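Q: got a predicted structure here, sequence first:
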Amino acid sequence: MLKLTCPNCGVTGEETEFHPGGEAHLKRFGPGSSDDEFRDYLFQRVNPRGVHFERWRHQYGCGKWFHAARCTQTLEVFGTYTAQTSEIPQNIIDAIKSRRPDWEPEA
Ligand SMILES: [Zn+2]
């Protein structure tokens, strides 16, 4: 069972208390963008086997969105941080690298 800690209210719960919101840190494209950029924004998602950054909502708690870094193979959670954080926090990167020394953040 995947357990997450909401960084907004501090509650730790099983994944059924939360609602997944897809990939985190998407670069949004809107009016003025090319068709390819807009298509990629709408439909192209990474589906890694390993470290992944995701959006989650604390559906049966505070109701707020946050980001989680976790491993898709082992369900290990490296950390969570607020949805207002546009860059991956250094403490999250450090937590991942301590467990996955070969992992590199994408540019
Ligand atoms: Zn919460």
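A: Everything's here; your move.

Q: any idea how far Q90 is from K97?
A: Computed as Cβ to Cβ, to the nearest Å, the Q90 to K97 distance reads 10 Å. (Each C-beta comes from the backbone N, C-alpha and C, glycine too.)

Q: these two: which has the busier surroundings?
A: For Q90 versus K97, neighbours defined as other Cβ atoms under 10 Å are more numerous around K97 (15 against 8).

Q: E54 contacts L26, doesn't it?
A: No. Between E54 and L26 there is no contact under Cβ atoms under 8 Å: 11.1 Å.

Q: can you pull up the bridge partners for T12?
A: Taking DSSP bridges as the rule, T12 bridges to T5.

Q: neighbours of it, how many?
A: T12, neighbours per other Cβ under 10 Å, totals 11.

Q: quick one: contacts for it?
A: Applying Cβ atoms under 8 Å, 6 or more residues apart in numbering to T12 gives the contacts K3, L4, T5, C6.

Q: repeat for C62
A: So C62 contacts C6, N8, C9, V11 (Cβ under 8 Å, 6+ apart).

Q: would you say it is within a strand?
A: No. Counting by DSSP: H, G, I helix; E, B strand; the rest coil, C62 is not found in a strand; it is coil.

Q: checking P31 next. Helix, strand or coil?
A: coil.

Q: which element is the spatially most central residue of the chain on?
A: Nearest to the geometric centre of the chain sits E54, at 2.1 Å (Cα atoms, centre = their mean). For E54, the host element (DSSP states H and E) is strand 51-57.

Q: thinking C9 is in contact with F66, fair?
A: No. Between C9 and F66 there is no contact under Cβ under 8 Å: 9.7 Å.

Q: overlap of the contact sets of the two?
A: Here C9 and F66 share the contacting residues H58, scored by Cβ under 8 Å, 6+ apart.

Q: looking at these two, which is more packed in?
A: F66 (25 against 12).

Q: could I have the CA atoms of the host helix or strand of the more buried one written out in CSV?
A: Here F66, judged by DSSP H and E, is contained in strand 65-71. This file holds the C-alpha atoms of strand 65-71, laid out as CSV (Å, rounded to 0.1, in the frame of the first residue of the first chain):
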residue,chain,number,x,y,z
TRP,A,65,-2.9,19.5,-4.1
PHE,A,66,0.7,18.6,-3.6
HIS,A,67,3.6,16.9,-5.3
ALA,A,68,5.1,13.5,-4.5
ALA,A,69,8.3,11.8,-5.6
ARG,A,70,8.1,8.1,-5.5
CYS,A,71,9.4,4.9,-7.1
